[in-house]
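Undergrad: I would like to see how this sequence folds:
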Amino acid sequence: MRTPSHTVARVAGQLSRGLGRGGGTSLPGKVLLRLRPTAVGELTARLARGVVLVSATNGKTTTTRLIAEMIRGAGWRLVSNPAGANLLPGVATALLMDARRRSPADIGLFEVDEAALSAVADETEPRLVLLMNLFRDQLDRYGELEALASRWEAMVRDLPEQTVLVLNADDPAVCALGRDRMRTVLFGLEDTSVALPELPHAADSTRCRQCASELVYDAVFVGHMGHWRCPSCGLARPTPHIRARRIVLDGIRGIDITIDTPAGPASARVSLPGVTSAYNATAACAAAIALGLPPERVAMALAYTPPAFGRGEWVELSGRDVVLLLAKNPTGANETVRTVLLDEGPVNLLVTLNDRTADGHDVSWIWDVDFEPLLGHLGSLTLSGDRAYDLALRFRYAGLPAEAMTVEPDLEAALDLAVQATPEGNILHVLPTYTSMLDLRALLARRGAVDHFWRDGRGA
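TA: Residues are numbered from 1 along each chain as shown. Down below sits the predicted model:
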């Protein structure tokens, strides 16, 4: 399908890249939707195997990437948005670029922003929707978590009856979305050896969705996700269809996981760190099984999919290993701290904080991050970003003296200082918020250490 509006939109993308204004991952879609508002529906209608949508506060990029590898392994032709352009224009751009290929895709797989999900679902009539978690994030944009949960509830009511809903049984707000739908697949973690000793103080959704009473947890894994029950009305976490039976954490290097499915187990060594990665792997497995893919294909993809850009990504710089660990909200940052501390030896850190639109302008969330456990393990600490001095104040209140940290708002200078402070042969752990992660990768791309994120052809 080629129309004048398609041509104009593609040229806009080429100009964006040629002028160095970005990767052209959203602008063509914006132009296309302005010229032809029904374009997304028209382009997805040609996909014989339908559309899969993935949304969450944390983990949607990594999980979409895992599913993409599983789908490609099955020999299906895929269109996706690997660069993370997850609003409707980003989806439109991906579909537009695919439409010009000689062998266009037969299935669409799209990571979708939490607040944009309803609009994308309305346009695509998805075959499957995977909803993973809801955490407090970008309060000045989304409002409270309950507001997003209500949006998702309305979106689910409007989904076609044949749409399969894949939900996280361990997240009370997400699990409740499948209460009145027949075609629902649930996933969750069963291995309590990786559970936290108690519910974190920054946990978000801890009240019963049915009676609003305080929930009780028999095991808690990440934030408010775990084995929950309501002592007042009896509502409780249902037994998931897809369960992570065995999880072995290996610090920032990855996990070993065994996932039980109705079609048989899937076991793999995954090069993605932390308990959050166990959730991502289990969610991807659940979606793949719901699409009819075999467990052996799932396990192979889990084993061979590298981290997405900035999410456990390793880079070599001046003789040091640098690992990028996106930390954009309290739950994600706390899990990153927990994962970093699994490794022995001094921890060399570069922590960055921006407050741009894509980050959320409200940075008060840093006071809910448990930085304190790091203090006795620090080899070096460098703080950077637009709000570097807010981070410095947070660490001072944690009890770290001023002379034990380096504050450099300029990211390039901060990176060089952090590398210099990291002994050769050691690892520099970088904890950036979203836009500072993009800035950092652009800087690393200019130095030839990584490729630009929009040139990653493996999938989201």
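Undergrad: count the neighbours of residue 214 for me.
TA: Per other CB atoms under 10 Å, the neighbour tally for residue 214 reads 10. C-betas here are computed from N, CA, C, even on glycine.
Undergrad: which residues sit in contact with it?
TA: By CB atoms under 8 Å, 6 or more residues apart in numbering, the residues touching residue 214 are 206, 207, 208.
Undergrad: tell me what the second one is bridged to.
TA: So that's residue 207. residue 214 (DSSP bridges).
Undergrad: what sits against it?
TA: The contact partners of residue 207, taken as CB under 8 Å, 6+ apart, are 172, 213, 214, 215.
Undergrad: about what we covered before: now, among the contacts of residue 214, which is nearest to residue 327?
TA: residue 206 (21.9 Å; CB to CB).
Undergrad: hang on, the earlier thing: tell me which of the contacts of residue 214 is nearest to residue 62?
TA: Closest to residue 62 out of those is residue 206 (25.1 Å), distances taken as CB to CB.
Undergrad: look up phi and psi at residue 28.
TA: Main-chain torsions, residue 28, degrees, to the nearest 10: phi -60, psi -40.
Undergrad: surely residue 248 touches residue 256?
TA: Yes. Between residue 248 and residue 256 there is a contact under CB atoms under 8 Å: 4.1 Å.
Undergrad: hang on, the earlier thing: buried subset of the contacts of residue 207, written for PyMOL?
TA: Buried subset of the contacts of residue 207, written as a PyMOL selection, criterion 16 or more other CB atoms under 10 Å:
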select buried, resi 172+215
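Undergrad: using JSON lines, lay out the contacts of residue 207 together with pLDDT.
TA: Output for these, formatted as JSON lines (pLDDT from 0 to 100):
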{"residue": "172", "pLDDT": "95"}
{"residue": "213", "pLDDT": "94"}
{"residue": "214", "pLDDT": "94"}
{"residue": "215", "pLDDT": "96"}
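Undergrad: quick one, what contacts residue 366?
TA: Neighbouring residues of residue 366 by CB under 8 Å, 6+ apart: 333, 353, 390, 391, 394.
Undergrad: now do the strands in the stretch 51-200 of the chain.
TA: Here the stretch 51-200 of the chain has its strands, by DSSP state E, counting those that start in this stretch, at 51-55, 78-80, 107-111, 128-131, 164-168, 184-189.
Undergrad: ok now the fourth one, how far from the chain's centre?
TA: Chain-centre distance of strand 128-131: 14 Å, with CA atoms, centre = their mean, to the nearest Å.
Undergrad: give me the contacts around it.
TA: Strand 128-131 is contacted by residues 50-56, 63, 67, 117, 121, 152, 156, 159, 163-168, 174, 177, 283, 286-287, 290-291 when judged by CB under 8 Å, 6+ apart.
Undergrad: let's see that with 6 Å instead.
TA: 52, 53, 54, 55, 164, 165, 166, 167, 174, 287, 290 (CB atoms under 6 Å, 6 or more residues apart in numbering).
Undergrad: so what strands line up beside it?
TA: strand 51-55 (parallel), strand 164-168 (parallel).
Undergrad: can you lay out the strands of the stretch 51-200 of the chain as CSV showing distance to residue 302 and mean neighbour count?
TA: Listed next are these as CSV, based on distance: least, CB to CB, whole Å; neighbours: other CB atoms under 10 Å:
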stretch, distance to residue 302, mean neighbour count
strand 51-55, 16, 28
strand 78-80, 17, 24
strand 107-111, 16, 27
strand 128-131, 16, 26
strand 164-168, 16, 25
strand 184-189, 14, 24
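Undergrad: now those strands in JSON lines, with distance to residue 39 and mean pLDDT?
TA: As requested, these are exported to JSON lines (distance: least, CB to CB, whole Å; pLDDT from 0 to 100):
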{"stretch": "strand 51-55", "distance to residue 39": "14", "mean pLDDT": "98"}
{"stretch": "strand 78-80", "distance to residue 39": "14", "mean pLDDT": "97"}
{"stretch": "strand 107-111", "distance to residue 39": "13", "mean pLDDT": "98"}
{"stretch": "strand 128-131", "distance to residue 39": "21", "mean pLDDT": "98"}
{"stretch": "strand 164-168", "distance to residue 39": "25", "mean pLDDT": "98"}
{"stretch": "strand 184-189", "distance to residue 39": "30", "mean pLDDT": "98"}
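Undergrad: what would the ones you listed look like in TSV with distance to residue 305?
TA: Output for these, formatted as TSV (distance: least, CB to CB, whole Å):
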stretch	distance to residue 305
strand 51-55	14
strand 78-80	13
strand 107-111	13
strand 128-131	16
strand 164-168	18
strand 184-189	18
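Undergrad: next up, phi/psi of residue 384, please.
TA: With angles defined as degrees, to the nearest 10, residue 384 sits at phi -150, psi -180.
Undergrad: surely it is in contact with residue 354?
TA: No. Contact criterion CB atoms under 6 Å: residue 384 and residue 354 do not qualify, at 9.4 Å.
Undergrad: quick one: pLDDT of the closest residue to residue 408 other than its chain neighbours?
TA: Of all residues not flanking residue 408 in the chain, residue 414 sits nearest, at 4.0 Å (CB to CB, 6 or more residues apart in numbering). The model reports residue 414 with a pLDDT of 98.
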